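mind folding the following:
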Amino acid sequence: MVELTGYTIVKEIGRGAFATVYLAHPTTTPTRLLAIKVVRTAGLTKKLAEALAAEVAILRSITHPNIIRLEAIDSDKRRQLLFLVMEFMEGGDVGAVMGQLNGGTPSGAGGLPEDKVRR
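Modelled structure (predicted):
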């Protein structure tokens, strides 16, 4: 399992092609749950590296109560890892939540009914 100074990793909660997401908490505040996205930067194409830089820039610039907040960024150049420390949202990723709210229909397949969005 990965380590990041100042945080205790609880468990893995998601995995993609270039990143793994862990449930964690600050070492000093065990009741405050966070999600740490660990991106493997080794082998990223120029296009993927640009997309990652754009994601980080967007997350840094947005402050909205309905959008997950980026709390910290760290890196380990030796292991070629980027750490994005974010608020933790119960219920999984947006696609999973949309599927649950939309009667099991995959996200992106018609969106959500207005009554589900506004509650």
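
please count neighbours and contacts with C-alpha atoms only from this point.
Fine.

could you pull up phi and psi at Val56?
Per-residue torsions, Val56: phi -60, psi -40 (degrees, to the nearest 10).

looking at it now. What's its pLDDT?
On pLDDT, Val56 comes in at 93.

how close does it get to Pro113?
30 Å (C-alpha to C-alpha, to the nearest Å).

these two: which is more packed in?
Neighbours were counted for Val56 and for Pro113 using other C-alpha atoms under 10 Å; Val56 has more, 14 against 10.

tell me which element the residue most central in space within the chain is part of?
In the chain, the residue lying closest to the centroid (C-alpha atoms, centre = their mean) is Lys37, at 5.2 Å. Secondary structure from DSSP states H and E places Lys37 in strand 34-40.

run through who's touching that strand.
Applying C-alpha atoms under 8 Å, 6 or more residues apart in numbering, the contact partners of strand 34-40 are 18-26, 80-88.

can you turn the buried part of the residues you listed into a PyMOL selection?
Buried members of the contacts of strand 34-40, defined by 16 or more other C-alpha atoms under 10 Å, are picked up in PyMOL with:
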select buried, resi 19+20+21+22+23+24+25+26+81+82+83+84+85+86+87+88
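
just the ones in helices from the contacts of strand 34-40, please.
Among those, DSSP state H puts none in helices.

so where's the chain uncertain?
Low-confidence segments of the chain, defined by pLDDT under 70: 92-112, 116-119.

just the strands in it please.
For the chain, the strands defined by DSSP state E occupy 7-15, 19-26, 34-40, 70-76, 81-87.

count of neighbours near Glu90?
Around Glu90 there are 8 residues (other C-alpha under 10 Å).
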